[in-house]
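> predicted model and sequence follow; I will ask about them next.
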Amino acid sequence: MVTAESIEQTIQSALPCEWVRVEGDDGHHFHAVIVSAQFQGKSMIQQHQLVYRALGDRMREEIHALSMKTYTPEQWQVAEKSFT
């Protein structure tokens, strides 16, 4: 079964991230918050595409659904207050 921790590790190993949190407990549906300088200057769609590329075949073969919020480090400084 796919775990939130294994998804976090895959994202972090393929995409330089300042912070990643993945949650989900049914092995199929997950929610992620990802902070990366790589998102700077990219649209939300382009940011999500970077994450999908980081997950590669896992996204197609193992993960049924992944909702995500992506932030640059600057955006995260403002947004993280709602996560703490």
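Sure thing, it's come through. Remember, predicted model here, so these are calculated numbers, not experimental data. Numbering: from 1, shown residues only.
> tell me the SS of Pro16?
Three-state call for Pro16 (DSSP: H, G, I helix; E, B strand; the rest coil): coil.
> what is the subsequent helix or strand relative to the lowest-mean-pLDDT helix or strand in the chain?
Here the helix or strand of the chain ranked lowest by mean pLDDT, DSSP states H and E is helix 57-61, holding a mean of 89. With elements assigned by DSSP states H and E, the helix or strand that comes after helix 57-61 is strand 65-71.
> export that following strand as PDB, just CAs?
Provided in PDB are the C-alpha atoms of strand 65-71 (Å, rounded to 0.1, in the frame of the first residue of the first chain):
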ATOM      1  CA  ALA A  65      -5.900  10.900  -6.200                       C
ATOM      2  CA  LEU A  66      -3.500  13.600  -5.100                       C
ATOM      3  CA  SER A  67      -4.800  17.100  -4.300                       C
ATOM      4  CA  MET A  68      -2.100  19.600  -3.600                       C
ATOM      5  CA  LYS A  69      -1.300  23.200  -2.700                       C
ATOM      6  CA  THR A  70       2.000  24.500  -4.000                       C
ATOM      7  CA  TYR A  71       3.900  27.600  -2.700                       C
END
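> not counting it itself, show me its contacts.
7, 28-36, 39, 44, 47-48, 51, 55, 59, 79 (CB atoms under 8 Å, 6 or more residues apart in numbering). (Each C-beta comes from the backbone N, C-alpha and C, glycine too.)
> now whichever strand or helix holds Leu50 against strand 65-71, angle please.
Leu50 is located in helix 44-55, with elements delineated by DSSP H and E. Helix 44-55 runs at 120 degrees relative to strand 65-71, counting by axes from the mean of the first three to the mean of the last three CA atoms, to 10 degrees.
> many thanks, I have nothing further to ask.
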